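Undergrad: this one's sequence-less:
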């Protein structure tokens, strides 16, 4: 998610960069981006606008569902926040639009779909079903949809258990404060066959492991297994303590997450901190595998401007990610290799890390998604991403990468205009291998 009030003021940030010692340096957005290879989208969805005329729709996070019987008819399921869900075909054309549910009262927060992920082959109503699971941040719940391209009315059908309780909140008053279900990754434990959703909490560092459960009526609910709090304050090499600058009362949240199904490892992007690696069952000790460039730079929140102003002092961040670190997705190769891909939102790039945890998830390179033509632009301020390394018919025989574009062009400069870009996965491989 883009946090304009968390962005370091550029002038103050420049002063902070000048004060840093030699070594890994804090960089302004855009630093080093030109050195990375570029890939170009093949298609884009229709723009979504965050205003009343556009239904308060704001593109956020995609997931790719492969139609095994007819790969050419595979689908992209994507969240549009208060605009609900959108389903697209491989030409990026709209197939189905699902409205976010309203709040329980007119004064309550409306539904707001934040992140989405898929579960394959869950037993439901005596049959195996593929599911799209999304976080409804507005109502602090998970919403679950069965995927069936032959279903009348559209490929997605709501199968959420109506008795599903809030994920984090004790009641509606707490829900309305919107410290609610936010980021999401699904995981099926191969040892037990049980399926889970890992959910983060907005403006908190909490992660929750929820087991997805099927009801006798063919609905899907969930139960909490355990929670874990990632650190919100960090001891720096100079002996001081540091927390990311934020609006008072907020803690550094997680949004982008993905689970490696081969080893049950969860990767979680704490937006203003970096990428964590931990067990998907939320046991054991998390490890910070890479940091954002801004890690360790002191900042003070200015209420009048709703910005964080950087102070002079050293930073201890990495060199590949510029806050926020956002959409995480896993490129799984057939030989067991592959990449963890992360959106470096602050400089409009994507970073790739080796999947091999024994090698420390080494950085393997990066790329940008840039304009293919005057009418097909690239991806900026990317919130969410999804990749699938499977042939998808004639359009994407090499697989597909879908990325959110947080600043679609052309726009009027005032209304938020967003969409999703479709990128041939072969082009991404070429960029990383080159």
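TA: Everything's here; your move. These numbers were taken from a predicted model, which means no experiment stands behind them.
Undergrad: All the strands of the stretch 51-200 of the chain, in order from the start?
TA: For the stretch 51-200 of the chain, the strands defined by DSSP state E, counting those that start in this stretch cover 62-65, 75-79, 85-88, 94-98, 113-124, 127-136, 141-147, 156-158, 181-188, 195-201.
Undergrad: for the fourth one, packing partners?
TA: With contacts defined as 3 or more C-beta pairs under 8 Å, 6 or more residues apart in numbering; DSSP states H and E, the secondary structure elements packing on strand 94-98 are strand 85-88, strand 156-158. In this view, the C-beta of every residue, glycine as well, is placed from N, C-alpha and C.
Undergrad: Report the mean per-residue pLDDT for it.
TA: Averaging pLDDT along strand 94-98 yields 98.
Undergrad: Now that strand: buried residues?
TA: 95, 96, 98 (16 or more other C-beta atoms under 10 Å).
Undergrad: List the contacts of the nearest residue to the last one once chain neighbours are set aside.
TA: If I follow you right, that is residue 98. In space, and not counting its chain neighbours, residue 98 is closest to residue 85: 4.2 Å by C-beta to C-beta, 6 or more residues apart in numbering. For residue 85, the contact set (C-beta atoms under 8 Å, 6 or more residues apart in numbering) comprises 77-79, 96-98, 100, 113, 116, 132, 134, 145, 156.
Undergrad: Type out the PyMOL command that picks the buried ones from these.
TA: To isolate the buried members of these in PyMOL, using 16+ other C-beta under 10 Å:
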select buried, resi 77+78+79+96+98+100+113+116+132+134+145+156
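Undergrad: which one of the contacts of residue 85 sits closest to residue 192?
TA: Nearest to residue 192, judged by C-beta to C-beta, of the contacts of residue 85 is residue 132 at 22.1 Å.
Undergrad: That closest one and residue 151, how far apart?
TA: From residue 132 across to residue 151, the span is 13 Å (C-beta to C-beta, to the nearest Å).
Undergrad: Can you list the low-confidence ranges for the stretch 1-150 of the chain?
TA: 1-34, 52-54 (pLDDT under 70).
Undergrad: sorry, back to before: just name the most buried of the helices and strands packed on strand 94-98.
TA: Among the helices and strands packed on strand 94-98, the stretch with the highest mean neighbour count (mean count of other C-beta atoms under 10 Å) is strand 85-88, at a mean of 22.
Undergrad: Please state the offset of that strand from the chain centre?
TA: Strand 85-88 sits 16 Å away from the centroid of its parent chain (C-alpha atoms, centre = their mean, to the nearest Å).
Undergrad: Ok, which of the helices and strands packed on strand 94-98 comes nearest residue 430?
TA: Between the helices and strands packed on strand 94-98, strand 85-88 lies closest to residue 430; by C-beta to C-beta that is 24.6 Å.
Undergrad: what lines up beside the closest one in the sheet?
TA: strand 75-79 (antiparallel), strand 94-98 (antiparallel) (DSSP bridges).
Undergrad: Just tell me which of those ends up closest to residue 214.
TA: strand 75-79 (20.1 Å).
Undergrad: now the contacts of residue 85 in a markdown table, with distance to residue 187?
TA: Below are those laid out as a markdown table (distance: C-beta to C-beta, whole Å):
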| residue | distance to residue 187 |
| --- | --- |
| 77 | 18 |
| 78 | 20 |
| 79 | 19 |
| 96 | 26 |
| 97 | 28 |
| 98 | 24 |
| 100 | 25 |
| 113 | 20 |
| 116 | 14 |
| 132 | 15 |
| 134 | 15 |
| 145 | 18 |
| 156 | 21 |
